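>>> mind looking at a prediction? Sequence and model below.
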Number of protein chains: 2
Amino acid sequence: MTLAEDLAKQQRSISVAEFFEKNKHLLGFDSPTRGIITTIKEAIDNSLDACEEAGVLPDIYLRIQRVDSEVMRIIVEDNGPGIIPDQVPYVFGKLLYGSRFHQIKQSRGQQGIGISAAVLYAQLTTGKASSVISRTGADRPCFRFDIQINIESNEPDVIAKEEIEWDRTHGTRVQIEFKSTMAARKRLLEYLKYTSVVNPHARIRVDLEDESFVFERVSDEVIECPTPIKPHPHGIELGQFKRMLAGNNSPLQTFLVENFSRVGEKTAREMCSVSGLSPDMPAGSLGPEEQRSLLVAMQEIKVPAPPTSQCLSPIGEDLIIRGLEKEFQIDFIKARTRPSSVFAGHPFVVEAAIGYGGRLVPEGNAQILRFANRVPLVYQQGACAITGAVAGINWKNYGISQAGLPTGPLLILVHVASTNVPFTSESKDAIASIPEIEREITLALQDLGRDLKKYLSRRDRNKLQEERARAVCAVIPELAAKVAEILDLPPPDISSIEGRIMKRLVARRRTEENRTIIEVRNYTSVSGRITLYDMSGDPGENVDPPPAFVSELDGEYTRVWQIDIEPGSVWTASYLGAGNGSMEIRGIDEKNVVMVDMDV
Amino acid sequence: MTLAEDLAKQQRSISVAEFFEKNKHLLGFDSPTRGIITTIKEAIDNSLDACEEAGVLPDIYLRIQRVDSEVMRIIVEDNGPGIIPDQVPYVFGKLLYGSRFHQIKQSRGQQGIGISAAVLYAQLTTGKASSVISRTGADRPCFRFDIQINIESNEPDVIAKEEIEWDRTHGTRVQIEFKSTMAARKRLLEYLKYTSVVNPHARIRVDLEDESFVFERVSDEVIECPTPIKPHPHGIELGQFKRMLAGNNSPLQTFLVENFSRVGEKTAREMCSVSGLSPDMPAGSLGPEEQRSLLVAMQEIKVPAPPTSQCLSPIGEDLIIRGLEKEFQIDFIKARTRPSSVFAGHPFVVEAAIGYGGRLVPEGNAQILRFANRVPLVYQQGACAITGAVAGINWKNYGISQAGLPTGPLLILVHVASTNVPFTSESKDAIASIPEIEREITLALQDLGRDLKKYLSRRDRNKLQEERARAVCAVIPELAAKVAEILDLPPPDISSIEGRIMKRLVARRRTEENRTIIEVRNYTSVSGRITLYDMSGDPGENVDPPPAFVSELDGEYTRVWQIDIEPGSVWTASYLGAGNGSMEIRGIDEKNVVMVDMDV
């Protein structure tokens, strides 16, 4: 027997389940710590996708329980359309099974691997089947399945199936138990927070061991579910094209119009004529050389970019800002949704936002929030095209320091939405370096960088002006005292000069000839409503204008006025009194108020 | 009909071939530029693995031809054992098919995906079948197959099969045509160079379009092919364990001894006793709780690490150094092979080398050469655990500057050899961040760093000494002249003083009383053979010692001596002559020679 014959005995076919069981880190199950985030992410992705398809506002319940020191139980329940009983075992118990793989549209799940990988990880680490409850309508029965995957065949293994009572009319609930810990608690909460930022229409309620969290929706608008488009003639490879042609007996022209996006009759005729083929010949009858030259013609002839309005679902600048404002306190924030673009025939849209200042950490690298098809990417930041594009920008141009990544109190959000996001692995952690995508990210961030630069230089100018004003104000009292001394007069009240220079609100209170006079001057550049409290032992007869409200307690009277005051204007009030009271102003930051109480 | 029923119609199973056709970037086919490197890498990996299994020194021929402006043809031919005709279609025409997936041993290919992925890429981009010729022995027929993959079923599609004449007695030749360019030419040659560094037993001959290259072997020793081991009890998960138990009716003790590495009868009995099970009960009869507690016991009981001498094949320090010296000119080089270690039950060994100085680029980041199971990793350096470990070391401790990565004329080689290298994707570009692996890399590099530091401080000390000596030598002539002036004597010859201080070889030639005298003094610290050429018009009668060789041309005589000269010793020669000749010394760096020709 030759060596080759001996070696041949070891050759065998490997099932997809075997492959991913051994290479589970490719699916995001590197470690028990990470497994919990991957499992929750896959389940929530499915729930959000299902709700979007059903056109309902997602209401997702997530429960995380410790079973014992090594095992965690995850329950994810949604109000989606449910899954019909025949399909449940396949959706949860077979890798590479799903509805979205062959559709050209934006969705979170694309591969038909995610949730079954979680089921696989559970059975591998705890030996336990995963439990699925699903119901598709009020008039339909509800079933509970206990599911495992047969590793050798990659087919579902239904351990148990029973009809049960469920108080929901539609939705799906999955329960998975696997070896894990809560070591990644912080990262998990971040993942949920960021999921909520890019899914402002979703409400996610979380019971994490003994604690509860709610990530409330900020928008009540149902996201329109993207609808699939046909392949674009510029994004097709010869191998696929041959398969489309095989056995198709429509005339060539009709075949092109019916099977490709953006190909009308005129374009189809042009494609036939450039490749020297008759538009009437049956599509399936083309020889290899004819197929090749037709494809060349299809890719040479100018065709508009694929339509993106239906197949993509960007978040939009307004909702990105609202989402970020809900979760962060930031001084400056801007978002940009780029026009749609194409790589290898796949349409995509890049959205980005930049936040600055506020409670962002003032030192160290900028915080980068990466998203793909409305899913936060939480691992492998270093391997991602988004990070590469951020690091490739010269941030010093925009007044931001940089050491590889930009540094300072800066938050950068990038969302890539595509019919086919090119991830670097099945675990969908990082986007591959596709030049077209990197270019769009760069353009969006440069555009936002220019806005940030304007903001920063305005802020710096204001700061400079304020510093100068402060310097002037510091010498005014001495100047005034000196002038008064020379003129032999009492030192003048300089508070309104100071207020005018510093652009403050100046409130003065004095008592003259048995009358208390209150004066408020608005030197700020904003109008606003303030509330003024005047407290003294005087009952306050003859008050002008009358206060909104007066109260008395133990012979002490409080008068309350609500004042709308325009920039540059003055408001005054007076009443009979002997003075010796005090004053308070609410409704404006106290560092912007100069309070002068001459009675004290 | 409910929405769920509507959605169910779109659910379907996805074949592995469909999945990877759509996600071809996961297999390293991101772009035509990269595709050529991936294809060649997969073919050469297979050839090297096959030769190793057959115990032959690999002789690989690679041909790269341009077919037209867009299409390249790759031919890889090896002298391996060949593949039997029944298996050829599966090995090349079915993803997830192979002999090494289920074996616990080090090999380049593990997944059974690589070469079929190249066949898939070829048919996708050019529509062409790939051609395979293989023969398994002198007495066996040779067949040529044209193979494609049926995308929907992931089964091989044999387009043609014929018996042919082939002048080889055994080996395999694969020819693949796909859309590509030579844009990655430099990277391709680097890949081949590095492959040769870590496979010093392989000879690779390359015809790249019009140019030819040979990467010669530096070792004639056949690598011993790693032999598979059984799984280690600490590296098994419950799901796998259940499958091993199922249907096995051996007594529990026997089952443990026969199926696990490092488990002898005593250990097996202890495992049974700790989990409260009888060593005689049939393995297949364990209930779920018994399975679980037995596994816990197996993982708690101390068992030696898996044996690595058979299943791993590290390169070895000596061969790493020889491989690097063949391809680089370096002043300092050291290598380290760490003791074997284990992660999740998988044995692995880390090897590393550090090179410094010589012709390495003096500025910028260190050059990092990454290898896994003797395969160079050429993409995704940033995402690799090796890069992470290199950046995590404080290189300043070893006299090397650092900006994230270490900088300067530094070369760092790391080789990870394992029965299961945890790559971050199927394209096997980067090693995942496994703490045990990162730790071993760090230890190896720190160890080498200490050696480097010693070298650098010795070099710096030598430099300092030389500078001091140079300063002394600079004043000696003046000093000598001054002393001579005072004593009213001619200035002395100070060259030997200079040579002694500077630790040089001093050669002096003078003619006295019609006799030419040559004197060589070795003030260096090394012994060596030098060649001395003495040229003059004198025929050189009465020569002592006689030269090795004398030549005459147009009345000019050249005498050649070969001199072995120890540190501190003197060699002299003389002959009858009138002087007026010249002298040359070869075999020692000329900056270490002081030449004093008194006749000139």
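Structure received. Since the model is a prediction, treat every value here as computed from it, not as a measurement. Numbering: from 1, shown residues only, chains lettered A, B, ... in the order given.
>>> distance check, A:Lys532 against A:Val520.
Wrong residue type there; residue A:532 is Leu, not Lys. Using CB to CB, to the nearest Å, A:Leu532 is found at 7 Å from A:Val520. Using the backbone N, CA and C atoms, a C-beta is placed for each residue, glycine as well.
>>> need the overlap of contacts for these two.
A:Ala507, A:Ile563, A:Ile585 (CB atoms under 8 Å, 6 or more residues apart in numbering or on different chains).
>>> now that the last one has come up, it's in contact with A:Val593, right?
So that's A:Ile585. Yes. A:Ile585 is within contact range of A:Val593, at 5.6 Å (criterion: CB atoms under 8 Å).
>>> quickly list what's touching both of the two.
In contact with both A:Ile585 and A:Val593: A:Leu505, A:Ala507, using CB under 8 Å, 6+ apart.
>>> got phi/psi on A:Ser196?
phi -70, psi -30 (degrees, to the nearest 10).
>>> and A:Ile315, by the same measure?
Torsion angles, degrees, to the nearest 10, at A:Ile315: phi -80, psi -40.
>>> look up the pLDDT of it for me, please.
Per-residue pLDDT puts A:Ile315 at 92.
>>> and if you look at A:Pro89?
96.
>>> chain B contacts on the stretch 251-400 of chain A?
For the stretch 251-400 of chain A, the residues in contact with chain B (CB under 8 Å from any CB of the partner chain) are A:Pro288, A:Gln291, A:Arg292, A:Gln380, A:Gly382, A:Ala383.
>>> out of the residues you listed, which one sits closest to A:Phe143?
A:Gln380 (37.9 Å; CB to CB).
>>> quick check: closest non-adjacent residue to the residue nearest the centre of chain A.
With distances taken as CA atoms, centre = their mean, A:Val198 lies nearest the centre of chain A, 2.8 Å away. Excluding the flanking residues, the one nearest A:Val198 by CB to CB, 6 or more residues apart in numbering or on different chains is A:Arg374, at 4.7 Å.
>>> any idea how many residues pack against the one you found?
A:Arg374 has 24 neighbours, counted by other CB atoms under 10 Å in any protein chain shown.
>>> and which of the residues of the stretch 251-400 of chain A next to chain B is nearest B:Gly28?
Among these, and counting by CB to CB, the member closest to B:Gly28 is A:Ala383, at 14.5 Å.
>>> helix, strand or coil for the residue in the stretch 201-350 of chain A that chain B sits nearest to?
Relative to chain B, the nearest point of the stretch 201-350 of chain A is A:Gly239 (3.5 Å; CB to the nearest CB). The three-state assignment at A:Gly239 reads helix, by DSSP: H, G, I helix; E, B strand; the rest coil.
>>> count of neighbours near the nearest residue in space to it that is not next to it in sequence?
Sequence neighbours aside, B:Leu124 is the residue nearest to A:Gly239 in space, at 3.5 Å (criterion: CB to CB, 6+ apart). Counted with other CB under 10 Å, the neighbours of B:Leu124 add up to 21.
>>> rewinding a little: was I right to think the residue nearest to A:Val198 contacts A:Val197?
No. Using CB under 8 Å, A:Arg374 is not in contact with A:Val197; the gap is 9.6 Å.
>>> output the below-cut-off pLDDT ranges for the stretch 1-150 of chain A.
Counting by pLDDT under 70, the stretch 1-150 of chain A contains low-confidence residues at A:1.
>>> run the last query once more with 90
For the stretch 1-150 of chain A, the stretches flagged by pLDDT under 90 are A:1-12, A:25, A:30-33, A:69, A:99-104, A:109-112.
>>> same deal with the stretch 351-500 of chain A?
A:358-359, A:363-364, A:379-383, A:403-404, A:424-425, A:433-435, A:455, A:457-500.
>>> and the residue of it nearest chain B?
A:Ala383 (3.6 Å).
>>> can you give me every residue that contacts that residue?
With the criterion set at CB under 8 Å, 6+ apart, A:Ala383 makes contact with A:Thr424, A:Asp429, A:Ala430, B:Gln380, B:Gly382, B:Ala383, B:Thr424, B:Ala430.
>>> SS state for A:Val550?
Secondary structure state of A:Val550, per three-state DSSP, is strand.
>>> isn't it right next to A:Tyr575, touching?
No. Contact between A:Val550 and A:Tyr575 fails when scored by CB under 8 Å: they sit 10.2 Å apart.
>>> what is in contact with those two at once?
Common neighbours of A:Val550 and A:Tyr575 (CB under 8 Å, 6+ apart) are A:Gly540, A:Arg559.
>>> so between these two, which is more surrounded?
A:Tyr575 (21 against 14).
>>> figure out the helix or strand that the more buried one lives in.
strand A:570-576 (DSSP states H and E).
>>> domain map for chain A?
A:16-215, A:233-300, A:317-457, A:495-597 (automatic domain parsing).
>>> would you map the helices across the stretch 1-150 of chain A?
For the stretch 1-150 of chain A, the helices defined by DSSP state H, counting those that start in this stretch cover A:3-8, A:16-22, A:32-54, A:88-93, A:114-126.
>>> just put the ones you listed in CSV and tack on distance to A:Ser261.
As requested, the helices of the stretch 1-150 of chain A are arranged in CSV below (distance: least, CB to CB, whole Å):
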stretch, distance to A:Ser261
helix A:3-8, 47
helix A:16-22, 31
helix A:32-54, 21
helix A:88-93, 28
helix A:114-126, 27
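>>> so which of those comes closest to A:Asp157?
That would be helix A:88-93 among the helices of the stretch 1-150 of chain A, by CB to CB, at 6.5 Å.
>>> got a list of contacts for the closest one?
A:83, A:97-98, A:115-116, A:119, A:130, A:132, A:134, A:143, A:145, A:147-149, A:155-158, A:174, B:11, B:13.
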